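[1] quick one: sequence and predicted model below, then my questions.
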Amino acid sequence: MAQQDEIFKKLVSHSKEYGFIYPSSEVYDGLAAVYDYGPYGSLLKNNIKEYWWKAMVQLNENIVGIDAAIFMHPKTWKASGHVDAFNDPMLDNKDSKKRFRADQLIEGVIEKLQDKINKEVEKAAKRFGDSFDEKMFRKTNPRCVEYAAKAADIDHRMNLHMKNGDMVGLKSMIDELEIADPDTGSRNWTEVRQFNLMFHTQLGNIAGEESKLYLRPETAQGIFVNFLNVQKSTRQKIPFGIAQIGKAFRNEIVARQFIFRMREFEQMEMQFFIRPGTQQDWYAKWKETRMAWHLALGTPQSKLRFKDHDNLAHYADAAVDVQFEFPFGFRELEGIHSRTDFDLGAHQELSGKKMQYFDPELGENYVPFVVETSIGCDRMFLAMMSHAFTEEDVPDAKGEDAKRTVLKLHPALAPVKCAVLPLLKNKEELTSAAMKIFNDLRYVVNCQYDEKDAIGRRYRRQDAIGTPYCITVDFQTLEDNTVTIRDRDTLQQERIKIEDIERIVLQKTDMRRLLEKL
RNA sequence: GCGGAAGUAGCUCAAUUGGUAGAGCGACAGCCUUCCAAGCUGUAGGUCGCGAGUUCGAGACUCGUCUUCCGCUCCA
C-alpha cells in the first residue's frame, strides 16, 4: 500500500513535470481539487474523447451526438430530482469529530422504532401460534400503534423540514429525539448546515431566486430535454442513442485523489432510448459493449471489474459500475444505469410537453425507457496514466542498469505519435535530412523534432511523455535513404525506408487500429 | 468543518546551539559527441507561503494567518 502511495505521488509529479496536469491557479497557491490540463494532457484527453466518440457515434448508425449547453432552465433540475436529492443537511459531532447527515440520523430513529414494532410482532407471533393475525396485531396492539404513530410523526416532520430547507428544525429534532453519535454516544453536536451539491450562478444582472441558474451536475439532462428534437431532426427510430461529451460540476464536500474527484469534470455520456420492457436486454448489451471498449485498449482484465450498486439512485432500476484498479484501489470509472422512464417522464410532467415516441411496429405511443452509459473522462485519463506509468531498469550506454520512466500509453492515445531525431546536432547533413522528414510527417500525425542533447537523453524524454516511436536519422540515411524506428516499449530498432515512414507510423498509431478491435 | 503533517530555486532536499541562503538534478547558451538520462565551460533562477512579535541579528524561536496533502462525513 505504501508502495502504491509512492507510485501515485510519482505519477502526480510526473504529470506536472511533463506537462500533463497542473494544479489550478498555482501562482495563487492553487485551488483545491481543480486541475488544468497541460499541452500533453490536453492531447491525451482529446484522444480519449475521440476514441469514445468514434466508438459510440461514428461506428453506430443509431447513435448521434449533441453538444448541449451547460446552463439549463432551472426546472430541469427540479424534474431530474437534483434540487431535492442533492441538498444534504450535515452536522458534526464535536467530541468524535465525525460528520453525519442529519436526515440519516433521524431516519435511524425511525428504523429503531420499526425494529421495536417488529420485535413486538415476533413476540406475539410466538405467543399466539398459528392463529396469529399479523396485520390485525399491527393495527390494534397499543405499543405497535404508538411506535408506528411516533415513527410516522418523525418521518412527516423530517420531510417537512427537508422540503423547506429548515436546518434549525432538523437540529431541534435531533435534540428532541436525543440522538447520539452511534459510536461514542456523544450528543455534543454542531448546528446543521446545508451542503448543496449543485453550483449556482445567476442569469442576468439582478440576483434573486427566480434568476438562479445551476451549473449542470450531469450532462444527461441536456440529452433528455432534447430527446424529441434529436429524434425528429435525425429521423431516428427506437432503439437509438444520443451521445455527449461535456463538463459537469458537483460541489463535492470532499474532493480528493488528484483528478479522480474534481468539482469540475468532464463526462462522456450516452443515453440509449428503448422500448419499455426491453431494458434488461439492453442493460446487459451495453455492459458487454462498454467492457469491450476498455479491453481493446489493452487494459488487463484483472484491472477492470463490474460492481453492482447496493443502493439504487432515485431514477434507476439497475445500476453497475465499471471499476478500474487505480493506485489507490478499485474505484468507479464508468456507470451503466437502467434509468427507466424516470427522466423523460419527469420532464413530461413538469414541462407539460409530451415526451413520447410513436412506435410504428407496435402502433402505440410510449415514453421510452433509457439505458445510460456514463464515463468520467478525467477518470479515464487517470486510469490510462496510472496504467501506463512505468519505472523500469534498462541497460545504459555502459551496459549497466539504469532507471527509465516511461508512459506505456496505447499508441492511438499517445499525445505525440512520433519524434524525429538527427543522431547528431552538429552535422548539418543529418539535421537537414531529419527536418525534412519532420516537415513531411507533421501533416499526418502529431510529431516532434528534437536535436538537443545526446540521443539517449532524447529517447528518454520521449519515453516520459509516452511517444510510441522515434525516427533517428544517421549517417546511413545519407547513403541509402533509410532511418531507424525505435519502439518505446521494446527499445528495439528497425531500419526502414524514408518513403515508408508515414505508412508505418500511421499503421501503428492510427485510431483505426483500435476501433477495428471493437 | 474537525484532527494530523508540510510549505526554502522548475524538481528533490540541505543550512550546527539563531550569525551574509546552498547542493544535486533540470532549464538555457556554447564546445564536443556515430544510438538509449555522456563530458567540459558558462548563464539564468529564491523578499525561505504571508503577517506580526522576541532579538544587536530570524529560514530557524513565539503567535496569528493562508495554502496544499492525509484521515473522517458525502459521492447519482
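    Looks like it arrived, so ask away.
[2] so how far is RNA strand B from A:W286?
    15 Å (CB to the nearest atom of the strand, to the nearest Å). Just so you know, the C-beta spots here come from the backbone N, C-alpha and C atoms, and that holds for glycine as well.
[3] that residue against A:T373, yeah?
    Yes: here A:W286 reaches A:T373: they are 5.4 Å apart, a contact under CB atoms under 8 Å.
[4] for RNA strand B, what's its nearest residue on chain A.
    A:G456 (2.3 Å; CB to the nearest atom of the strand).
[5] show me the beta-bridge partners of the residue sitting nearest the centre point of chain A.
    Nearest to the mean C-alpha position of chain A, by CA atoms, centre = their mean, lies A:G376 at 1.9 Å. With DSSP bridges as the criterion, A:G376 is bridged to A:Q267.
[6] contacts only, for it.
    A:G376 makes contact with A:F265, A:E266, A:Q267, A:M268, A:E332, A:L333, A:E334, according to CB atoms under 8 Å, 6 or more residues apart in numbering.
[7] burial count for A:H156?
    10 (other CB atoms under 10 Å).
[8] looks to me like it is in a strand.
    No: assignment of A:H156 by DSSP: H, G, I helix; E, B strand; the rest coil gives helix, placing it outside any strand.
[9] give me the neighbour count for A:T484.
    A:T484: 18 neighbours (other CB under 10 Å).
[10] same check, this time on A:E451
    Neighbours around A:E451, by other CB under 10 Å: 18.
[11] SS state for it?
    coil.
[12] what parts of the stretch 101-250 of chain A come near RNA strand B?
    Residues of the stretch 101-250 of chain A found near RNA strand B (CB under 7 Å from any atom of the strand) are A:R101, A:Q104, A:T190, A:L197, A:P217, A:E218, A:R250.
[13] ok, now how distant is the first one from A:L312?
    In this case it means A:R101. 18 Å (CB to CB, to the nearest Å).
[14] buried residues in the longest helix seen in chain A?
    Looking across chain A with DSSP state H, the single longest helix is helix A:102-128. If you call a residue buried by 16 or more other CB atoms under 10 Å, then helix A:102-128 has these buried ones: A:A102, A:D103, A:L105, A:I106, A:V109, A:I110, A:L113, A:K116, A:I117, A:E120, A:V121, A:A124.
[15] can you pick out the most distant pair from the residues you listed?
    In the buried residues of helix A:102-128, two members sit farther apart than any others by CB to CB. They are A:A102 and A:A124, at 34.1 Å.
[16] residue contacts, A:H161?
    Contacts of A:H161 by CB under 8 Å, 6+ apart are A:M167, A:G169, A:L170, A:M173.
[17] try 10 Å this time
    Counting by CB atoms under 10 Å, 6 or more residues apart in numbering, A:H161 makes contact with A:P89, A:A102, A:D103, A:I106, A:M167, A:V168, A:G169, A:L170, A:K171, A:S172, A:M173, A:V192.
[18] okay, those in JSON lines with secondary structure next?
    Output for these, formatted as JSON lines (three-state DSSP):
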{"residue": "A:P89", "secondary structure": "strand"}
{"residue": "A:A102", "secondary structure": "helix"}
{"residue": "A:D103", "secondary structure": "helix"}
{"residue": "A:I106", "secondary structure": "helix"}
{"residue": "A:M167", "secondary structure": "helix"}
{"residue": "A:V168", "secondary structure": "helix"}
{"residue": "A:G169", "secondary structure": "helix"}
{"residue": "A:L170", "secondary structure": "helix"}
{"residue": "A:K171", "secondary structure": "helix"}
{"residue": "A:S172", "secondary structure": "helix"}
{"residue": "A:M173", "secondary structure": "helix"}
{"residue": "A:V192", "secondary structure": "coil"}
